[in-house]
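Engineer: build me a structure from this.
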Amino acid sequence: MLLAIDIGNTTLQVGIYADRKLGPTWRLATDHGRLADEYGILVLSLLRAEGVDTGQIDGAIVSSVVPALSGVFREVVRRFLKVDPLFVNSHMRKPVRIGIEHAEELGADRIADAVGAMTRHSPPPLIVVDFGTATVFDAINEHGVYMGGAISPGIGISTEALFNSASRLARIDLERPPSAIGTRTETALQSGILYGYVGLVEGIIARFKAELGEAQVIATGGWAGRIARETAVLDTVDEDLILHGLRELYYLNAEGTP
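Structural biologist: Residues are numbered from 1 along each chain as shown. Here you go, the predicted structure:
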């Protein structure tokens, strides 16, 4: 079995593959101060709660955009699962070519998303929109070359910045308002945040397509389903895209795998 872990600034995503098929998955809040022992006990408890025989895990791969937690999870996997994990980097073998300057700066999550898109949603061109702490747009051209992308503040941190800076605005549930023109402060906020964000997504995708040509758009990340209900520009929602990308990278790069 293969353990795949994506370490994001806000969320940890964990999945188990048996015979290359995805089994149980978990999404956890990222705790930047948690120690290896704490994460190790947590991971073991999650696996055992789903009946996963940890002794059968013979491979692990990790993508991380949190350097402080990369070493923590290396220790977790080695000590608690007795496996030496692979960490995603730009030099790995992959089914997409990196066509940007300073490829070594490309985040591990963006590499895994691009690989997941190429292996699950071909043929290119493809646009991936990952709704995480930041909302990240990635473009793959018709030749399977990763061309670059755009990064904007995520909907979560954007709304937090608004509420923290405007003392008279109370926090709200981000639900669909009854109309775009809000008649109360609450519905005006819902309209501005939700539809404003939809406009951002539609605008960037339109600009990408003007440069890339017509492309399939894959959405992933915590807000993907919510935003997809409000716009037709997101063709597919693939909540486990990054885990599938990690799986492909593992089997392309781990020694001794078929």
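Engineer: what about the chain, any weak spots by pLDDT?
Structural biologist: 167-172, 256-258 (pLDDT under 70).
Engineer: select the longest helix from it.
Structural biologist: The residue-count maximum for a helix in the chain (DSSP state H) belongs to helix 185-212.
Engineer: check which residues of it are buried.
Structural biologist: 187-191, 193-194, 197-198, 200-202, 204-205, 208-209, 212 (16 or more other CB atoms under 10 Å). Bear in mind the C-beta positions are built from the backbone N, C-alpha and C, glycine included.
Engineer: moving C-terminal of that helix, what's the next helix or strand?
Structural biologist: With elements assigned by DSSP states H and E, the helix or strand that comes after helix 185-212 is strand 216-221.
Engineer: strands along this protein, start to end?
Structural biologist: 2-7, 11-18, 21-29, 59-64, 86-87, 97-98, 126-131, 134-140, 145-153, 216-221, 236-237 (DSSP state E).
Engineer: got the contact list for the fifth one?
Structural biologist: When you say that, I think you mean strand 86-87. 59-64, 70, 74, 92, 108, 249-250, 253-254 (CB atoms under 8 Å, 6 or more residues apart in numbering).
Engineer: try the second one
Structural biologist: Outside of strand 11-18, the residues within contact range by CB under 8 Å, 6+ apart are 1-6, 22-30, 43, 46-47, 50, 52, 56-57, 132-133, 222, 240, 242-243, 246-247.
Engineer: for the first one, same thing?
Structural biologist: Here strand 2-7 makes contact (CB under 8 Å, 6+ apart) with 12-18, 20, 30, 57-66, 69-70, 73, 77, 81, 83, 85, 109, 112, 242-243, 246-247, 250.
Engineer: any of those residues buried? List them.
Structural biologist: Here, 16+ other CB under 10 Å leaves 12-17, 57, 59-65, 69-70, 73, 77, 81, 83, 85, 109, 112, 242-243, 246-247, 250 buried among the contacts of strand 2-7.
Engineer: I'd say Ile205 and Ile127 touch.
Structural biologist: Yes. Using CB atoms under 8 Å, Ile205 is in contact with Ile127, at 6.2 Å.
Engineer: which residues do these two both contact?
Structural biologist: Common neighbours of Ile205 and Ile127 are listed as 137, 217 (criterion: CB under 8 Å, 6+ apart).
Engineer: give me the domain ranges for the chain.
Structural biologist: 2-87, 122-237 (automatic domain parsing).
Engineer: wait, which of those domains is closest to Gly99?
Structural biologist: Relative to Gly99, the nearest member of these by CB to CB is domain 122-237, separated by 4.2 Å.
Engineer: and the end-to-end length of the closest one?
Structural biologist: Terminal residues of domain 122-237 are spaced 15 Å apart (CA to CA, to the nearest Å).
Engineer: show me the beta-bridge partners of the residue nearest to Tyr250 when sequence neighbours are not counted.
Structural biologist: In this structure, Tyr250 finds its nearest non-sequential neighbour in Ile61, 4.2 Å apart by CB to CB, 6 or more residues apart in numbering. Beta-bridge partners for Ile61, by DSSP bridges, are Ala4, Leu86.
Engineer: who's in contact with Ile61?
Structural biologist: By CB under 8 Å, 6+ apart, the neighbours of Ile61 are 2-5, 85-88, 246-247, 249-250, 254.
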